[in-house]
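1. Fold the following and give me the result.
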Amino acid sequence: MQARRSNPPNEVPSLLDRYHERLAALEATMDALPTGQLADRYRGALEAALAGLALQRAETAALFAAALAEDADFDLMRGEAAERLSRAYHRLVLESQDALPEPKALELGVALYTFHMLVVLFWLYDRSPDQASTGKLIRLVHELFKLLRPLFILPLIPGGIAKLAAIVMPGLGRDSVGAAAQDDARNGQHQDFDIHGD
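-> Got it, this is the predicted structure:
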């Protein structure tokens, strides 16, 4: 049995267009965030994202519901919009005071994008007054990130982030900011970076 569409087919393109407009506004907001620690800037990005989506919360919910239909011809988790937002998080990592070097910055950008989408999904289902539970979740993410950030020098966490990046967005590595070529300090040569690498 085929799943019913949540919205008439002619409504989805306009919902998707407005979603892209809000993403473009979020990109601009993220690029204008004050310089600071990555955890603080990420919290600012998440709060800005939800503030923008909250202006049309019902529309956002309808669009995500339409994306779940079996016959949906668009994907909110991957595709052009996802790559743009992932690159915005990549820039956010690179421009923070505690920035990571490549390729870790690229991989972390994809991971931050992934958790961004999880927070949006939580927010859509949040029935607490004024979605207060989502605010608590963002504050918890902020606190955990500040605690875990010093551990990124260890291989375990960056390795897990790299695997997550390859799962969520396997084709992003080759054409993202700063990821087209990696400088090999041992021989002065450049090599292509691919997040698929083990």
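2. Which residues in the biggest helix by length in the chain does the neighbour count mark as buried?
-> Using DSSP state H, we find that the single longest helix of the chain is helix 104-125. For helix 104-125, the neighbour count (16 or more other CB atoms under 10 Å) marks 104-114, 116-117, 119-120, 123 as buried. Yep, even glycine has a C-beta here, placed from its N, CA and C like the rest.
3. What of stretch 20-40?
-> Arg22, Leu23, Leu26, Glu27, Thr29, Met30, Leu33, Leu38, Ala39, Asp40.
4. about what we covered before: and which of the buried residues of helix 104-125 is nearest Phe74?
-> Sorting these by distance to Phe74 puts Met117 at the head of the list, at 14.5 Å, by CB to CB.
5. Just the pLDDT at that closest one, thanks.
-> Confidence at Met117, expressed as pLDDT, is 92.
6. The nearest residue to it once chain neighbours are set aside: how many residues sit nearby?
-> Leaving out its chain neighbours, the residue that sits closest to Met117 by CB to CB, 6 or more residues apart in numbering is Met77, at 6.2 Å. When counting by other CB atoms under 10 Å, one arrives at 13 neighbours for Met77.
7. sorry, back to before: which of the buried residues of helix 104-125 lies closest to Val141?
-> The closest of those to Val141 turns out to be Val119 (CB to CB; 7.4 Å).
8. The closest residue to that closest one other than its chain neighbours sits in which helix or strand?
-> The shortest distance from Val119 to any non-neighbouring residue, by CB to CB, 6+ apart, is to Leu46 (5.8 Å). Leu46 belongs to helix 38-54 when elements are defined using DSSP states H and E.
9. quick one: that helix to chain centroid distance?
-> Centroid separation for helix 38-54 versus its chain: 11 Å, with CA atoms, centre = their mean, to the nearest Å.
10. For whichever helix or strand Ile167 is part of, could you pull out the residues that count as buried?
-> Using DSSP H and E, Ile167 sits in helix 156-168. Neighbour-count burial for helix 156-168 flags Pro158, Ile161, Ala162, Leu164, Ala165, Ala166, Val168 (criterion: 16+ other CB under 10 Å).
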